[in-house]
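J.: Got a predicted structure plus its sequence, pasted below:
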Amino acid sequence: MLKRFLLLCLLVALAALAWLVWYATTPMQGRTDYPVAFSVERGSTLTAAARDMAQAGVLQHPGAFVLLARLKGAAAEIKAGSYATNVATTPLDLLRKITVGDTVLGKLTVPEGWSFAEMRSALDAHPGLRHDTAGMDAHQLLKAIGAENIHPEGRFFPDTYFFDLGSSELALYKRAYTAMRQQLDAAWAARASGLPYRTPDEVLTMASVIEKETGAPEERPQIAAVFLNRLRIGMRLQTDPTVIYGLGARFDGNLRKDDLLADTPYNTYTRAGLPPTPIALPGAAALQAAVNPVRSRALYFVAKGQGRHEFSDNLDAHNRAVNRYQRGR
């Protein structure tokens with residue numbers, strides 16, 4: 001009887017081992033809508049991670065998966081992050097993914113020149129982010145990332161950001177805010193002498209205006225020179241993007257003479273100096289242009305097509321350029 005019992009135990013063990021080998025090497029068929037994305041939370045135990053993967057529809061038989069991991073000595077090696085499986089993924093493949101950190105990342109590009117509102121809309125709509133800012137106003141959002149008592153415009157660096165799927169959008173805001181602070185600090189430290197800025201925030205505001213005024217990167221230092229020359233002599237900046245920003249939702253795509261005459265805090269036709277805050281998210285090139293403009297006496301520029309401008313030192317030359325490029329005379 002003892003021999004029979006031991007033989008039965010051996011047969012059961014061999015059968016269990018054979019099933020485990022089959023389980024470990026057989027593609028998972030729990031779902032048909034592959035690929036399936038899932039996350040392993042930071043600090044999760046193997047058992048908790050297996051349970052979460054099963055709930056996400058990624059994994060069948062989580063207990064067997066835990067046993068497989070323990071037998072391979074990988075129970076303590078799982079790594080947090082975002083992952084994805086496909087129809088050919090086996091439990092053994094899955095174990096390798098979460099122990100070597102074979103993660104997949106979400107992606108969001110914030111273009112130069114976007115407003116804070118445009119950036120926020122993009123983050124709000126991104127399916128790969130956890131939307132912890134829902135219901136927050138701008139002040140509450142800034143407070144949540146440790147950036148109180150400032151205006152949100154221009155405070156976030158435009159770039160392409162990669163992140164773990166399911167991570168909080170607050171973390172991305174924090175990264176973009178920190179990146180802009182670093183970029184602005186570097187620009188302020190490298191600024192040319194004699195510029196009429198009192199604070200780094202004025203550089204940020206100027207850079208945002210430069211960003212909105214030209215689509216030609218090589219022209220940014222020339223645009224900066226014009227605006228700085230105007231500031232030095234007390235001439236108004238008279239730049240359309242600031243007026244448009246001040247109009248907000250009232251701007252319908254056409255800037256009219258009445259708009260240029262309607263006074264708002266951002267109307268640089270009616271008010272001297274820089275606008276009260278940035279008007280967009282400036283990139284690194286605009287920041288560098290703001291602190292290192294070209295040497296120029298130009299006070300005017302006019303669009304001449306393909307995103308480029310004609311620069312002039314005096315009003316007569318500017319009027320001739322306007323007639324040539326805007327009026328076809």
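T.: Cool, the structure landed.
J.: hey, let's count contacts and neighbours off CA atoms from now on
T.: Fine.
J.: so where is the stretch 201-329 of the chain shaky, pLDDT-wise?
T.: 328-329 (pLDDT under 70).
J.: again, only using 80
T.: Counting by pLDDT under 80, the stretch 201-329 of the chain contains low-confidence ranges at 215, 305-307, 326-329.
J.: Which stretches in it count as helices?
T.: 220-233, 240-247, 257-261, 284-291, 315-325 (DSSP state H, counting those that start in this stretch).
J.: For this structure, just list every one of the strands.
T.: Ranges of strands within the chain are 36-40, 81-85, 105-109, 129-130, 160-164, 167-168, 300-305, 308-312, based on DSSP state E.
J.: Which one of the ones you listed lies nearest to Trp22?
T.: Closest to Trp22 of those is strand 81-85 (C-alpha to C-alpha; 18.5 Å).
J.: Just put the helices of the stretch 201-329 of the chain in a markdown table and tack on mean neighbour count.
T.: Formatted as a markdown table, the helices of the stretch 201-329 of the chain follow (neighbours: other C-alpha atoms under 10 Å):
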| stretch | mean neighbour count |
| --- | --- |
| helix 220-233 | 22 |
| helix 240-247 | 22 |
| helix 257-261 | 13 |
| helix 284-291 | 25 |
| helix 315-325 | 15 |
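J.: of all those helices, which lies closest to Phe65?
T.: helix 284-291 (48.0 Å).
J.: what does the closest one rub up against?
T.: Helix 284-291 is contacted from outside by 183-184, 187-188, 190-192, 195, 203-204, 206-208, 210-211, 217, 220-221, 224, using C-alpha atoms under 8 Å, 6 or more residues apart in numbering.
J.: what distance separates that helix from the middle of the whole chain?
T.: Centroid displacement of helix 284-291 relative to its chain, using C-alpha atoms, centre = their mean, to the nearest Å, is 19 Å.
J.: Of the strands of the chain, which is nearest Pro275?
T.: Per C-alpha to C-alpha, nearest to Pro275 of the strands of the chain: strand 300-305, 18.6 Å.
J.: Pop out the phi and psi values for the nearest residue to Leu141 once chain neighbours are set aside.
T.: By the measure of C-alpha to C-alpha, 6 or more residues apart in numbering, the closest residue to Leu141 outside its immediate chain neighbours is Thr133, 6.5 Å from it. Thr133 adopts backbone torsions of phi -90, psi 0, taken as degrees, to the nearest 10.
J.: Looking at the helices of the stretch 201-329 of the chain, which is nearest to His151?
T.: helix 240-247 (14.0 Å).
J.: Just the CA coordinates for the closest one, please, in PDB.
T.: Below are the C-alpha coordinates for helix 240-247, written out as PDB (Å, rounded to 0.1, in the frame of the first residue of the first chain):
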ATOM      1  CA  ASP A 240      -0.700  90.700 -32.900                       C
ATOM      2  CA  PRO A 241      -0.300  87.400 -30.900                       C
ATOM      3  CA  THR A 242      -0.600  89.300 -27.600                       C
ATOM      4  CA  VAL A 243      -3.800  90.900 -28.800                       C
ATOM      5  CA  ILE A 244      -5.200  87.500 -29.800                       C
ATOM      6  CA  TYR A 245      -4.300  86.000 -26.500                       C
ATOM      7  CA  GLY A 246      -6.100  88.900 -24.700                       C
ATOM      8  CA  LEU A 247      -9.200  88.300 -26.700                       C
END
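J.: helices and strands around it, which ones?
T.: Applying 3 or more C-alpha pairs under 8 Å, 6 or more residues apart in numbering; DSSP states H and E, one finds that helix 240-247 contacts helix 200-213, helix 257-261.
J.: Could you export those helices as JSON lines, including distance to Phe38?
T.: Formatted as JSON lines, those follow (distance: least, C-alpha to C-alpha, whole Å):
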{"stretch": "helix 200-213", "distance to Phe38": "39"}
{"stretch": "helix 257-261", "distance to Phe38": "51"}
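J.: Give me whichever of the ones you listed is most buried.
T.: The highest mean neighbour count among these, using mean count of other C-alpha atoms under 10 Å, belongs to helix 200-213: a mean of 25.
J.: Just the CA trace of it, in PDB.
T.: Taking Å, rounded to 0.1, in the frame of the first residue of the first chain, the C-alpha atoms of helix 200-213 are listed here in PDB:
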ATOM      1  CA  PRO A 200      13.700  85.600 -15.500                       C
ATOM      2  CA  ASP A 201       9.900  85.800 -15.800                       C
ATOM      3  CA  GLU A 202      10.300  88.700 -18.300                       C
ATOM      4  CA  VAL A 203      12.600  86.500 -20.400                       C
ATOM      5  CA  LEU A 204       9.900  83.800 -20.300                       C
ATOM      6  CA  THR A 205       7.300  86.300 -21.400                       C
ATOM      7  CA  MET A 206       9.400  87.600 -24.200                       C
ATOM      8  CA  ALA A 207      10.300  84.100 -25.400                       C
ATOM      9  CA  SER A 208       6.600  83.300 -25.600                       C
ATOM     10  CA  VAL A 209       6.000  86.300 -27.800                       C
ATOM     11  CA  ILE A 210       8.900  85.300 -30.100                       C
ATOM     12  CA  GLU A 211       7.600  81.800 -30.300                       C
ATOM     13  CA  LYS A 212       4.200  83.000 -31.600                       C
ATOM     14  CA  GLU A 213       5.600  85.600 -34.000                       C
END
